[in-house]
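Asker: Return atomic coordinates for the entry below.
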Amino acid sequence: MNRVMRYSLPLLLLLSLSACRSSGAGEPAERVAPVANAADAAAYGRYEEPVVMRIGFKVPDSRLTTGDSNDNNPISRYLESLTNIRVIHSWEAKGEEPFTQKAQLAIDSNDLPDAMVVDRDQLSKLISNDMIEDLTDTYEQYGSGLIKDMYDSTHGEALADAQRGGRLYGLPNVAIHADSTSLLWVRQDWLDRLELPAPRTLGDIEAIARAFIDKDPDGNGKRDTVGISAYKNIVYGTKPYVNGLDAVFSAFHSFPTNWIKDSSGNVVYGSVTPETRKALGQLAAWYKQGLIDPEFALYKETQEPIIAGKAGIFFGPWWMPFYPLSEAVAQDTKAEWRAYAAPLDESGIFVAHIAPVTDRYLVVRKGYEHPEAVVKLLNVFTRLERRRDPNVEEVGKLDDFAAQTGIQPRAYYPFDLLIDYSDAIEKHYADIQQALHGKIDPDALDPDTRLIYDRWLAEEEQPKKNLEGWKAANAYKYGVAVLSTTAVEGVRSVYYGSTLHMAAKWPALQKLESETFLNIIVGDAPLSSFDEFTVKWMSMGGGQITREVTQIVNIREAESKQDNSSSQ
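Answerer: Presented below is the predicted three-dimensional model:
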């Protein structure tokens, strides 16, 4: 199945994706930050004359209440003070899907802003139509040492994903290894109250769910708690999030929405495999027994029962303490949550799908006069995000702004493109453990790690006094700790992106899939309808698309073998 056995290294990162991070900056005492060498002088050098850059901007959920605007606020003013780049929003969109739609409209109408973030399919179209700049030389000359080092942590995979013919056409994000794995989060105080053992298997999870429903785990004398909380779309497919049931499928060696290789080496779509049928049968049985929250498909926001204190079991990645568990604990400070590597498969192995190393790309409009300005901005806000900005006093002002408003500086970076070391989370954790056990001086920790270390100690001294500290401490102490001590059998997808017939056929196929999965689980359709689904899926274009993906994968593998043989 094209499996890669991965043993999670001990760990590194403060916040990732939706996991909030406290980084910042303000106006520097000196407009040009000190640099260490000639290369960084180009990377961080300030323009003498103002440079204007028009961008497509993804509006964050946070709201500015200080009289500032999306393109004129403490974060944008600080970045402009360092670079002399004036960022103007050509258009704005709130939320991932609306932003993707606006970006697509800009592409289709050939009316691109100077720079914007695009997805994999959009990148391919832009390259094919010669609409964006070749950034190979620009990146080489202006990319900071920090950026290059983090890209190198992916062993060339991230940059290769944005290249065509050996030329670089976009600056990719870097996915964090740890973000791939979905863990089981459990109310430990409920588990202890009912004297239940730690979960490992599907049977263990079933027993805990039943007890959490029937045995009044919160002690309020009411039968008002649910079993397993779930997500109405069933799986996330790539990177896990709150309530996705991906981990249950993985225990059956099923990987819905991903292209994998079966036991015979054939490329297959993971949603139509026999293993997926088995996983759906398990979930349907749980739902019928009332073990899955009977209202899971009705919630407007999937995390509602968790925050309300009604759910004591759900699946999610390591950073769940940042959200939604911080909200849940704020409402019930007695709540104690712990993470487990569960469920294991029949052989006692923890299996997980590995997310792609990158999935979005910062591109520059063909003909824009200052493509290097895009790289410079990326250098500056990445250095800020990683807490490597040397303007300590001004960074402190942005930290204060974040503390006072609850708005993280990252929310108003010009581009939603975070870059870190691919093993960041693991390395942070390993270094913290070294410091906690006296093997290294805490003062030797990098800024990201030191911040987590300090919050860890503060949380141990005064539990739940500061929820910001609680978030980081619990995410690492429990979520990352599990990843660092668990052998994970990772399964990689063999293909991402679109094929010739996907554009026309994929939406209908996805709708068929999501409706079939949900109907089977909630009992509106029998498990046997899965067999009808697979036949229909193939006839509606799935078979044709499978052949296209197979051809692409075979060509790539042949080219890779040729490259390897020629380099030996």
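
Asker: who's in contact with Thr405?
Answerer: By CB atoms under 8 Å, 6 or more residues apart in numbering, the contact set of Thr405 is 62, 64-66. For glycine as for every other residue, the C-beta is placed from the backbone atoms N, C-alpha and C.

Asker: I'd like to know how far it sits from Pro60.
Answerer: Distance from Thr405 to Pro60, counting by CB to CB, to the nearest Å: 12 Å.

Asker: Just the contacts of Thr405: which are in strands?
Answerer: Judged by DSSP state E, strands contain none of the contacts of Thr405.

Asker: From the residues you listed, pick the one nearest Thr257.
Answerer: Closest approach between these and Thr257, by CB to CB: Ser62, at 29.8 Å.

Asker: just to revisit the earlier point, buried among the contacts of Thr405? Make that a ChimeraX selection.
Answerer: One line in ChimeraX is enough to select the buried members of those, burial here meaning 16 or more other CB atoms under 10 Å:
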select :64
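
Asker: Ramachandran coordinates for the residue nearest to Phe249 when sequence neighbours are not counted?
Answerer: Counting by CB to CB, 6 or more residues apart in numbering, Phe249 lies nearest to Ala279, which is 4.4 Å off, once chain neighbours are set aside. Main-chain dihedrals, Ala279, degrees, to the nearest 10: phi -60, psi -40.

Asker: Wait, Ala279 touches Asp246, no?
Answerer: No - under the contact definition of CB atoms under 8 Å, Ala279 does not touch Asp246, with a separation of 9.9 Å.

Asker: The two: which has the busier surroundings?
Answerer: Asp246 (29 against 26; other CB atoms under 10 Å).

Asker: State whether Phe530 is indeed within a helix.
Answerer: Yes - if the criterion is DSSP: H, G, I helix; E, B strand; the rest coil, then Phe530 is within a helix.

Asker: In which helix or strand does the closest residue to Leu527 other than its chain neighbours reside?
Answerer: Nearest non-adjacent residue to Leu527, counting by CB to CB, 6+ apart: Gly281, 5.0 Å away. Using DSSP states H and E, Gly281 sits in helix 274-288.

Asker: need the next SSE after that helix, C-terminal direction.
Answerer: Next in sequence after helix 274-288, counting helices and strands by DSSP H and E, comes helix 304-307.

Asker: Figure out how far that next one is from the centre of its chain.
Answerer: Counting by CA atoms, centre = their mean, to the nearest Å, helix 304-307 is centred 21 Å from the centre of its parent chain.

Asker: Counting by contacts, list what that helix packs against.
Answerer: If you count contacts as 3 or more CB pairs under 8 Å, 6 or more residues apart in numbering; DSSP states H and E, helix 304-307 packs onto helix 326-331.

Asker: in the helix it packs on, what counts as buried?
Answerer: So for helix 326-331, counting by 16+ other CB under 10 Å, buried means 326, 328-329.

Asker: Same question for stretch 294-312.
Answerer: In terms of neighbour count (16+ other CB under 10 Å), stretch 294-312 has its buried residues at 296-297, 299, 302-307, 309-312.

Asker: Please apply the same query to stretch 497-514.
Answerer: Judged by neighbour count (16+ other CB under 10 Å), stretch 497-514 contains these buried residues: 497-499, 502, 505, 509, 512-514.

Asker: which outside residues touch it?
Answerer: Defining contact as CB under 8 Å, 6+ apart, one finds that stretch 497-514 is touched by 120-121, 124, 233-234, 256-257, 271, 533, 536-537, 540-542, 544-545, 548-549, 552.

Asker: how does it look with 6 Å?
Answerer: 120-121, 233, 271, 540-542, 544-545, 548 (CB atoms under 6 Å, 6 or more residues apart in numbering).

Asker: CA atoms only for it - export them in PDB, please.
Answerer: Provided in PDB are the C-alpha atoms of stretch 497-514 (Å, rounded to 0.1, in the frame of the first residue of the first chain):
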ATOM      1  CA  GLY A 497      -4.300  17.500  -7.900                       C
ATOM      2  CA  SER A 498      -6.700  17.200 -10.900                       C
ATOM      3  CA  THR A 499      -6.800  15.300 -14.200                       C
ATOM      4  CA  LEU A 500      -8.400  16.100 -17.500                       C
ATOM      5  CA  HIS A 501     -11.900  14.900 -16.600                       C
ATOM      6  CA  MET A 502     -11.900  15.900 -12.900                       C
ATOM      7  CA  ALA A 503     -13.100  19.400 -13.500                       C
ATOM      8  CA  ALA A 504     -16.300  18.300 -15.000                       C
ATOM      9  CA  LYS A 505     -17.000  15.100 -13.100                       C
ATOM     10  CA  TRP A 506     -15.400  15.500  -9.700                       C
ATOM     11  CA  PRO A 507     -18.100  17.600  -8.000                       C
ATOM     12  CA  ALA A 508     -20.900  15.100  -8.700                       C
ATOM     13  CA  LEU A 509     -18.600  12.200  -7.600                       C
ATOM     14  CA  GLN A 510     -17.800  14.000  -4.300                       C
ATOM     15  CA  LYS A 511     -21.500  14.700  -3.700                       C
ATOM     16  CA  LEU A 512     -22.300  11.000  -4.300                       C
ATOM     17  CA  GLU A 513     -19.600   9.900  -2.000                       C
ATOM     18  CA  SER A 514     -20.500  12.200   0.900                       C
END
